[in-house]
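> okay, structure incoming, though there's no sequence with it:
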């Protein structure tokens with residue numbers, strides 16, 4: 001049972017501040033990594049001369065300064081960037097051309113797409129999904145990043161005048177308007193249209209070009225109508241993933257192709273430039289302000305105001321347990337996984353598209369995808385078995401419960417007798433022994449026994465091979481205190497506090513940082529750990545900035561596919577009456593609640609009991625706060 005005292009109304013910091021200001025309010029939650037917000041144009045933004053969109057971010061150029069919004073990792077330029085003359089947003093990275101002709105890039109570098117070549121003789125830039133291109137003033141093209149389809153193949157001996165990048169193909173024009181294309185060509189999108197052009201732009205499987213007459217031409221895949229070019233005159237045309245945006249010579253914008261997210265439904269008005277992202281569109285008005293429309297991500301990393309005890313990270317949604325016991329959720333809600341039940345709860349967990357929470361009486365609430373067992377993602381992961389539980393853990397499509405007697409129950413995908421794409425025995429849990437902690441991964445589960453031994457079940461057991469079996473359920477010998485199941489790996493803390501990782505450990509994931517930790521959380525392909533001093537460490541995949549930890553001290557952590565979360569250490573936690581002064585009023589509140597307590601604000605030393613130790617801490621910080 002929880003006894004709640006007074007809590008200070010504290011603010012959560014917007015994600016857009018997180019990687020720059022690094023200033024946080026006490027007791028609030030922070031999230032970083034995949035987020036969106038790419039059509040949330042900063043208030044008052046004006047004077048924009050150039051604009052570009054990526055997968056979930058947007059960047060603009062104003063008086064030589066780059067301004068970004070949306071996913072913070074690729075939209076936050078480096079502090080030493082300086083004055084720029086051009087910019088380009090890739091899928092999850094950004095490239096800028098400095099005024100001195102040198103290059104800069106930031107964001108995801110999984111394929112080396114932000115490792116720019118040296119030199120100061122560049123005149124044009126372009127960015128694809130995972131690759132980048134630059135053209136020197138002499139017309140030589142260089143490329144870097146993903147070359148899986150030959151999109152950064154050398155163009156030695158070619159003197160080019162214009163360069164552009166599709167998602168997996170590259171495009172260029174000679175000074176006479178002749179076309180050159182290379183890379184992914186599944187639908188002829190990199191093939192020569194045989195007519196002179198003054199500009200060209202690439203999407204996923206289509207390419208659009210502009211003729212000197214103002215007519216637009218398009219070739220490649222037309223499955224969404226993205227090549228159904230209207231017979232009007234254009235000043236600029238650009239290709240998104242499966243849609244096309246055109247700025248007409250009269251200043252209005254028109255779009256065609258995929259409109260699933262409203263990306264092909266432009267606003268009215270007069271515009272001077274356009275930009276395009278994967279699933280969103282941008283335009284600069286004649287007054288220099290910016291319009292944006294289309295997909296806006298799930299905003300699952302943008303934490304709302306509040307004081308949180310615990311944050312649970314789903315794939316595209318987030319659920320938080322407030323210090324008053326109520327739940328709060330945000331992000332994608334397509335299966336009602338962010339529509340929280342009423343009442344007070346003790347613990348919370350989030351899966352791919354479902355959520356779980358434990359009440360004080362041991363009953364479990366479950367909501368989101370999986371209230372039925374009809375397949376196609378619904379495998380009964382929200383059909384909770386009878387029993388009293390102390391803890392729950394949501395895997396991708398399965399659920400695990402730790403009962404009050406220490407035994408384990410599992411439900412959802414991967415039960416006995418199930419087979420197919422998502423069923424790997426992840427819900428066939430241990431039938432003997434008692435446990436202290438549980439965790440659910442993509443296709444496997446993990447739990448810590450009372451004797452410190454870790455049990456794993458599901459995908460990745462001994463004798464299994466091929467995807468998704470990477471040894472994530474083969475536990476190294478030893479005693480552990482904490483375990484967390486990721487996509488294809490497992491992370492744990494040994495009894496001495498050091499971190500261990502097993503399973504698929506490609507890249508830096510298999511080499512945890514040195515030192516000791518108190519908590520560990522496994523994401524999709526990265527891990528986060530909390531040090532004894534409250535600071536954070538993260539390693540592994542950083543494509544969305546999910547391993548770029550904020551400064552400060554924290555009390556709880558959580559990780560999902562592409563995101564990381566932490567609950568900040570309360571500042572002036574002893575100011576229980578919220579008057580910005582630690583005084584006898586706060587001491588009185590501590591004495592009033594003297595005794596055992598679960599997650600109470602007055603339990604300043606987190607001992608589980610409000611006692612004279614808490615009074616001593618309050619007196620230690622006595623005074624203005």
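Cool, got the structure. Worth saying up front: this structure is predicted, and the values here are computed from it rather than measured.
> OK, contacts around residue 354?
For residue 354, the set of contacting residues under the criterion of C-beta atoms under 8 Å, 6 or more residues apart in numbering consists of 314, 335, 337, 366, 367, 368, 369, 370, 381, 382, 394, 399. For glycine as for every other residue, the C-beta is placed from the backbone atoms N, C-alpha and C.
> per-residue pLDDT, it?
Looking at residue 354, its pLDDT is 97.
> I'd like to know how far it sits from residue 330.
When distance is defined by C-beta to C-beta, to the nearest Å, residue 354 is 16 Å away from residue 330.
> kindly report the same for residue 167.
Taking C-beta to C-beta as the criterion, residue 167 is separated from residue 330 by 29 Å.
> higher neighbour count, these two?
The neighbour comparison of residue 167 against residue 330 (other C-beta atoms under 10 Å) goes to residue 167, with 25 against 18.
> the strands in the stretch 201-350 of the chain, which residues?
Secondary structure of the stretch 201-350 of the chain, counting by DSSP state E, counting those that start in this stretch: strands at 206-210, 216-220, 234-239, 243-248, 253-257, 271-276, 280-285, 290-294, 308-313, 317-322, 327-331, 347-350.
> same for the first one, what does it pack against?
With contacts defined as 3 or more C-beta pairs under 8 Å, 6 or more residues apart in numbering; DSSP states H and E, the secondary structure elements packing on strand 206-210 are strand 199-202, strand 216-220, strand 234-239.
> then the second one?
Strand 216-220 sits against strand 206-210, with contacts defined as 3+ C-beta pairs under 8 Å, 6+ apart.
> who does the strand it packs on pair up with?
Counting by DSSP bridges, the strands paired with strand 206-210 are strand 199-202 (antiparallel), strand 216-220 (antiparallel).
> turn the ones you listed into a markdown table, columns for mean neighbour count and mean pLDDT.
Shown next, in a markdown table, are the strands paired with strand 206-210 (neighbours: other C-beta atoms under 10 Å; pLDDT from 0 to 100):
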| stretch | mean neighbour count | mean pLDDT |
| --- | --- | --- |
| strand 199-202 | 24 | 98 |
| strand 216-220 | 21 | 98 |
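> okay if I get those strands as TSV plus distance to residue 535?
Compiled in TSV, the strands paired with strand 206-210 are given as follows (distance: least, C-beta to C-beta, whole Å):
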stretch	distance to residue 535
strand 199-202	43
strand 216-220	49
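> quick one: closest of these to residue 238.
strand 199-202 (4.5 Å; C-beta to C-beta).
> what's the closest one in contact with?
The set of residues external to strand 199-202 that reach it, using C-beta under 8 Å, 6+ apart, is 128, 162, 164-167, 169-173, 179, 189, 207-210, 236-239, 276.
> what about residue 553, neighbour count?
Counted with other C-beta under 10 Å, residues neighbouring residue 553 total 16.
> got any ranges where the stretch 351-500 of the chain has weak pLDDT?
419, 465 (pLDDT under 70).
> and the strands paired with strand 206-210: which comes nearest residue 533?
Of all the strands paired with strand 206-210, strand 199-202 sits nearest to residue 533, with 48.6 Å by C-beta to C-beta.
> where do the helices sit along this protein?
15-18, 72-75, 584-592, 612-620 (DSSP state H).
> in a markdown table: these, plus mean pLDDT and mean neighbour count.
Shown next, in a markdown table, are those (pLDDT from 0 to 100; neighbours: other C-beta atoms under 10 Å):
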| stretch | mean pLDDT | mean neighbour count |
| --- | --- | --- |
| helix 15-18 | 23 | 21 |
| helix 72-75 | 88 | 28 |
| helix 584-592 | 84 | 17 |
| helix 612-620 | 81 | 16 |
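> closest one to residue 505 among those?
Using C-beta to C-beta as the measure, helix 72-75 is the one of those that comes nearest residue 505, at 22.6 Å.
> can you give me the offset of the closest one from its chain's centre?
Helix 72-75 has its C-alpha centroid displaced from the chain centroid by 11 Å (C-alpha atoms, centre = their mean, to the nearest Å).
> elements contacting that helix?
Counting by 3+ C-beta pairs under 8 Å, 6+ apart, the packing neighbours recorded for helix 72-75 are helix 15-18, strand 29-33, strand 57-62, strand 65-70, strand 93-98, strand 103-107.
> packing partners of the last one?
When contacts are defined as 3+ C-beta pairs under 8 Å, 6+ apart, strand 103-107 sits against helix 72-75, strand 93-98.
> can you list contacts of it?
So strand 103-107 is contacted by 57, 73-78, 81, 84, 90, 92-98, 113-117, 119, 122, 125, 132, 134, 545 (C-beta under 8 Å, 6+ apart).
> any quick ChimeraX command for the buried ones out of these?
Remark: buried members of the contacts of strand 103-107, expressed as a ChimeraX selection using 16 or more other C-beta atoms under 10 Å:
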select :57,73,74,75,76,77,84,90,92,93,94,95,96,97,98,113,114,116,122,125,132,134,545
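> what about residue 608, neighbour count?
When neighbours are counted by other C-beta under 10 Å, residue 608 registers 12.
> correct me if wrong: it contacts residue 596.
Yes: counting by C-beta atoms under 8 Å, a contact exists between residue 608 and residue 596, whose distance comes to 6.5 Å.
> give me the buried stretch members for stretch 171-183, please.
Of the residues in stretch 171-183, 171, 172, 173, 174, 177, 179, 180, 181, 182, 183 count as buried by neighbour count, 16+ other C-beta under 10 Å.
> so which of these belong to strands?
171, 172, 173, 179, 180, 181, 182, 183 (DSSP state E).
> for residue 280, which non-adjacent residue is closest in space?
residue 294 (3.2 Å; C-beta to C-beta, 6 or more residues apart in numbering).
> pLDDT score for that neighbour?
For residue 294, the model assigns a pLDDT of 93.
> residue 307 now?
According to the model's per-residue confidence, residue 307 sits at a pLDDT of 71.
> residues near it, how many?
Residue 307 is surrounded by 23 other residues when neighbours are defined as other C-beta under 10 Å.
> just checking, it touches residue 321?
No: in this structure residue 307 lies outside contact range of residue 321 using C-beta under 8 Å: 10.4 Å.
> now list whatever residues contact both of those two.
If you check residue 307 and residue 321 against C-beta under 8 Å, 6+ apart, no residue is contacted by both.
> quick check on the closest residue in space to residue 405 that isn't next to it in sequence: phi, psi?
With C-beta to C-beta, 6+ apart as the criterion, residue 405 has its nearest non-adjacent residue at 7.2 Å, and that residue is residue 434. Backbone torsions for residue 434, taken as degrees, to the nearest 10, come to phi -120, psi 150.
> next one: residue 64
Dihedral angles of residue 64 (phi, psi; degrees, to the nearest 10) stand at phi 80, psi 0.
> contact partners for it?
The contact partners of residue 64, by C-beta under 8 Å, 6+ apart, come to 83, 84, 85, 99.
> picking that back up, between the helices and strands packed on strand 103-107, which gets nearest to residue 343?
Each of the helices and strands packed on strand 103-107 has some distance to residue 343 by C-beta to C-beta; the shortest is helix 72-75, at 33.9 Å.
> one step back: what would the contacts of residue 64 look like in TSV with distance to residue 444 and pLDDT?
As requested, those are arranged in TSV below (distance: C-beta to C-beta, whole Å; pLDDT from 0 to 100):
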residue	distance to residue 444	pLDDT
83	51	96
84	46	97
85	50	97
99	52	96
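> which of the residues you listed has the most neighbours?
Neighbour counts for these were taken using other C-beta under 10 Å; the highest belongs to residue 84, with 23 neighbours.
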